[in-house]
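> predicted model, plus sequence, below.
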Amino acid sequence: MSVVNKMLKDLESRDAETGAPSNYRPPAQKKAQPLRIWVYSLVTVAVLVVAVALLTMPERVEAPSVPQTVEVVPAEETNTVTAKPIEVAKPVPAKPKKQSILTRPISEIVAGQAGRKEDLLASEKPLSGEQPGTAADTASAETTAAEDTAAEQGEFTLTAKNGTQEYQNLRERIRLALDSPDKREAITLMRELAEAQPDNVAVRKKLAAVLFANGQAGPARDQLIATLDKFPADHSVRLMLARLYQQQGQTEQARQVLATAEDYLPVSTDLIAFRASLAQTEQRFEQALTDYHLLVARAPDESRWWLGVATSADHLGQAKVALNAYRQALSRGELNTDVQQFMRQRITVLAGDHDE
């Protein structure tokens with residue numbers, strides 16, 4: 001208690017010295033206004049939010065905008081890479097194997113060697129006989145003989161049997177029309193001449209040849225059939241019709257046309273040769289051998305007929321006949337080197353088998 005009393009006395013003595021009243025109180029502090037505090041708080045929060053946002057955003061550097069210019073480059077200076085299409089390797093077609101001479105028809109083997117024109121329908125033979133305006137136009141007997149020869153050889157002559165000026169003019173018009181690429185006028189004129197001269201076989205055959213050459217196989221066939229019906233003994237017409245059927249792939253009809261040839265003897269050599277070749281193509285070697293024997297009998301110096309006998313007999317297994325025919329054909333030396341080499345090989349083989 002003494003200590004407290006002492007402190008109180010000290011305070012009283014201090015008050016007495018300063019002269020301040022004993023009931024003095026310090027002035028009350030002013031209270032902060034609530035609105036101002038809220039404003040300061042919001043500003044502070046906003047500043048903090050902006051600062052945080054700036055710190056967390058990634059830096060984005062914007063390049064200065066530069067005006068773009070388009071530079072036109074010449075076509076030859078541009079280095080463009082174009083994608084090339086993928087090339088698929090095409091299969092190389094296999095080369096057809098060379099057919100053995102033994103399996104080929106003789107007409108094919110010797111084609112071009114004897115200088116013969118096998119296909120009468122494929123060519124338009126030049127006009128033969130007299131020139132227009134000559135004295136031969138009016139010679140009836142000579143023109144008739146010339147037509148008969150031409151019909152036998154498959155040639156075409158525009159001759160008028162009666163020698164009238166009308167037919168001479170018609171022949172000249174046909175001659176000129178045949179020189180034109182368009183054969184329609186020539187066909188019309190030849191039909192007119194064939195009607196005026198129904199016995200002129202040469203005109204009928206020429207008409208059929210021109211029709212066939214211009215893609216009218218049907219009318220050409222009909223023309224030959226009508227001509228053969230009128231002249232069944234003319235083997236040149238029969239041969240043309242058989243060849244037309246063969247070229248159209250109608251081999252059965254060709255055989256039928258050839259089959260009746262024996263009814264009109266003698267049969268022409270050309271028809272027998274074609275019949276033998278067709279038989280070989282169809283592997284009817286007995287018929288082929290028979291026909292080639294006929295041809296050899298007619299022309300024993302023709303090596304191609306001996307070759308036909310040899311190959312046909314070879315297929316039939318008639319080694320002795322084939323060996324003799326090969327030797328006969330080889331001895332004449334008319335065939336080319338490849339055929340001669342083939343014949344020597346067959347002679348060696350057949351002679352060896354014969355000796356055994």
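Received, thanks.
> for the stretch 151-300 of the chain, give me the ranges with low pLDDT.
151-164 (pLDDT under 70).
> who does the helix or strand hosting Ala313 touch, helix- and strand-wise?
Using DSSP states H and E, Ala313 sits in helix 303-315. Contact partners of helix 303-315 among helices and strands, from 3 or more Cβ pairs under 8 Å, 6 or more residues apart in numbering; DSSP states H and E: helix 106-109, helix 269-281, helix 285-298, helix 319-332, helix 337-355. All C-beta atoms are positioned from the backbone trio N, CA, C, and that covers glycine.
> return the most buried member of those helices.
Comparing those by mean neighbour count (mean count of other Cβ atoms under 10 Å), helix 269-281 ranks first with a mean of 22.
> so what secondary structure elements neighbour that one?
Against helix 269-281 (3+ Cβ pairs under 8 Å, 6+ apart) you get helix 106-109, helix 235-247, helix 251-259, helix 285-298, helix 303-315.
> now do the fourth one: everything it contacts.
Looking back up the chat, that one is helix 285-298. Identification of contacts with helix 285-298 by Cβ atoms under 8 Å, 6 or more residues apart in numbering yields 106, 269, 272-273, 275-277, 279-280, 302, 305-306, 308-309, 312-313, 315-316, 318.
> that one to helix 269-281, inter-axis angle?
Interaxial angle, helix 285-298 versus helix 269-281 (axes from the mean of the first three to the mean of the last three Cα atoms, to 10 degrees): 150 degrees.
> can you show me the CA trace of the biggest helix by length in the chain as PDB?
Looking across the chain with DSSP state H, the single longest helix is helix 34-56. The C-alpha coordinates for helix 34-56 follow below in PDB (Å, rounded to 0.1, in the frame of the first residue of the first chain):
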ATOM      1  CA  PRO A  34     -16.200   3.900 -43.200                       C
ATOM      2  CA  LEU A  35     -16.800   4.900 -46.900                       C
ATOM      3  CA  ARG A  36     -13.200   6.000 -47.500                       C
ATOM      4  CA  ILE A  37     -12.000   2.800 -46.100                       C
ATOM      5  CA  TRP A  38     -14.100   0.800 -48.500                       C
ATOM      6  CA  VAL A  39     -12.900   2.800 -51.500                       C
ATOM      7  CA  TYR A  40      -9.300   2.300 -50.600                       C
ATOM      8  CA  SER A  41      -9.900  -1.400 -50.000                       C
ATOM      9  CA  LEU A  42     -11.500  -1.900 -53.500                       C
ATOM     10  CA  VAL A  43      -8.700   0.000 -55.200                       C
ATOM     11  CA  THR A  44      -6.200  -2.100 -53.500                       C
ATOM     12  CA  VAL A  45      -7.900  -5.300 -54.400                       C
ATOM     13  CA  ALA A  46      -8.200  -4.100 -58.100                       C
ATOM     14  CA  VAL A  47      -4.600  -3.300 -58.300                       C
ATOM     15  CA  LEU A  48      -3.700  -6.700 -56.900                       C
ATOM     16  CA  VAL A  49      -5.900  -8.500 -59.400                       C
ATOM     17  CA  VAL A  50      -4.400  -6.600 -62.300                       C
ATOM     18  CA  ALA A  51      -0.900  -7.200 -61.100                       C
ATOM     19  CA  VAL A  52      -1.600 -10.900 -60.700                       C
ATOM     20  CA  ALA A  53      -3.200 -11.100 -64.200                       C
ATOM     21  CA  LEU A  54      -0.200  -9.400 -65.800                       C
ATOM     22  CA  LEU A  55       2.200 -11.700 -64.100                       C
ATOM     23  CA  THR A  56       0.400 -14.900 -65.100                       C
END
